[in-house]
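Novice: Just need the structure, nothing else, for what follows:
(4 chains)
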Number of protein chains: 2
Amino acid sequence: MTEGAQYRQAEAGKRYDVFHTDCPARNVVDHVTSRWGIWVLISLRSNDLRFYELRESIHGISEKMLSQTLRALVQDGLVWREVEQTTPPQVTYGLTGFGRDIGEPLTELFDRITRQLPPYNAA
Amino acid sequence: MTEGAQYRQAEAGKRYDVFHTDCPARNVVDHVTSRWGIWVLISLRSNDLRFYELRESIHGISEKMLSQTLRALVQDGLVWREVEQTTPPQVTYGLTGFGRDIGEPLTELFDRITRQLPPYNAA
DNA sequence: CGGCATCCTCGATGATACTG
DNA sequence: CAGTATCATCGAGGATGCCG
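Specialist: Numbering: from 1, shown residues only, chains lettered A, B, ... in the order given. Have a look, this model is predicted:
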């Protein structure tokens, strides 16, 4: 998202600070709802995972996109990253408290969508 | 999203049908988390809105993207569309029950993000 | 007012190859 | 194993103009 800001909503007295362009939350929203961010967060909800585990878990993601997405989420404080300086090196990722907090409504969102829709009918 | 599917997760016995490529829920997820879908849904949470009201509400969106986003959400059954054949014509949009259902965790997501972050500090 | 249709740009993404 | 660097592409998204 670039400029988008719901000034109207903001003026209306709602608490949607997110709608402001310069709000840091804006970036987090972008990252969370980004193409791969969602799946990374959901993948990490059940277990901490290594880099290659994430790559295999999230079918279709490239290494570039994975590391890029992870970097953003780590910066946002949603994901932690732990490096074990062995040979070969091991890097593990997991959700922070914040990440876990965010993951809840995210999961709820998916649950509600799947619950509403016919299981596997006409696409 | 194209191929992405968390086969691991699916195999793990979770109910993430969303991770399958051919699941219709997949499209809904894409639309909801799309660049503009989120803001449309949240904008409509408080009131039904006309086309131009949405355009002005969601700062930065182009007419093309707005109508495109709306079309997708209407097709998904998240948003209804009402045309009044007057001159000039009036078209109003609002959330369906499904849309309202989805809007909840979505709003919760934003609330949690904004709650966690410093109001307006360093971006 | 509420849209499509068209053209065009740019950034996100993917593929490939190379490092610590 | 866990990345980074580089290059190529592809499509979302923006700008503009027209129509009912």
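Novice: wait, isn't residue A:43 in contact with residue A:49?
Specialist: Yes. With the criterion set as Cβ atoms under 8 Å, residue A:43 and residue A:49 qualify as a contacting pair; they are 6.4 Å apart. C-beta here means a position set from N, CA and C on the backbone, and glycine is covered the same way.
Novice: what residues are shared contacts of these two?
Specialist: Among the neighbours of residue A:43, those also in contact with residue A:49 (Cβ atoms under 8 Å, 6 or more residues apart in numbering or on different chains) are residue A:57.
Novice: Dump the C-alpha coordinates for stretch A:55-65 into CSV.
Specialist: What follows is stretch A:55-65 as a C-alpha-only set of coordinates in CSV (Å, rounded to 0.1, in the frame of the first residue of the first chain):
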residue,chain,number,x,y,z
ARG,A,55,10.4,-23.4,2.4
GLU,A,56,9.0,-26.9,2.1
SER,A,57,5.9,-26.1,4.2
ILE,A,58,4.9,-23.2,2.2
HIS,A,59,4.6,-24.8,-1.2
GLY,A,60,5.5,-22.5,-4.1
ILE,A,61,7.6,-19.9,-2.2
SER,A,62,11.0,-19.1,-3.4
GLU,A,63,14.0,-18.8,-1.1
LYS,A,64,14.2,-15.2,-2.0
MET,A,65,10.7,-14.4,-1.0
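Novice: Can you give me the buried ones in it?
Specialist: Burial within stretch A:55-65, assessed by neighbour count using 16 or more other Cβ atoms under 10 Å in any protein chain shown, is assigned to A:55, A:57-61, A:65.
Novice: For the residues you listed, please prepare CSV with the additional fields distance to residue B:110, pLDDT and secondary structure.
Specialist: Formatted as CSV, the buried residues of stretch A:55-65 follow (distance: Cβ to Cβ, whole Å; pLDDT from 0 to 100; DSSP: H, G, I helix; E, B strand; the rest coil):
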residue, distance to residue B:110, pLDDT, secondary structure
A:55, 29, 93, helix
A:57, 26, 90, helix
A:58, 24, 89, coil
A:59, 28, 86, coil
A:60, 27, 87, coil
A:61, 25, 91, coil
A:65, 24, 96, helix
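Novice: Check these one by one and keep those near DNA strand C.
Specialist: Counting by Cβ under 7 Å from any atom of the strand, the subset of the buried residues of stretch A:55-65 that neighbours DNA strand C consists of A:60-61, A:65.
Novice: can you list the residues of chain A near DNA strand C?
Specialist: Those residues of chain A that sit near DNA strand C, judged by Cβ under 7 Å from any atom of the strand, are A:34-36, A:60-65, A:68, A:88-89.
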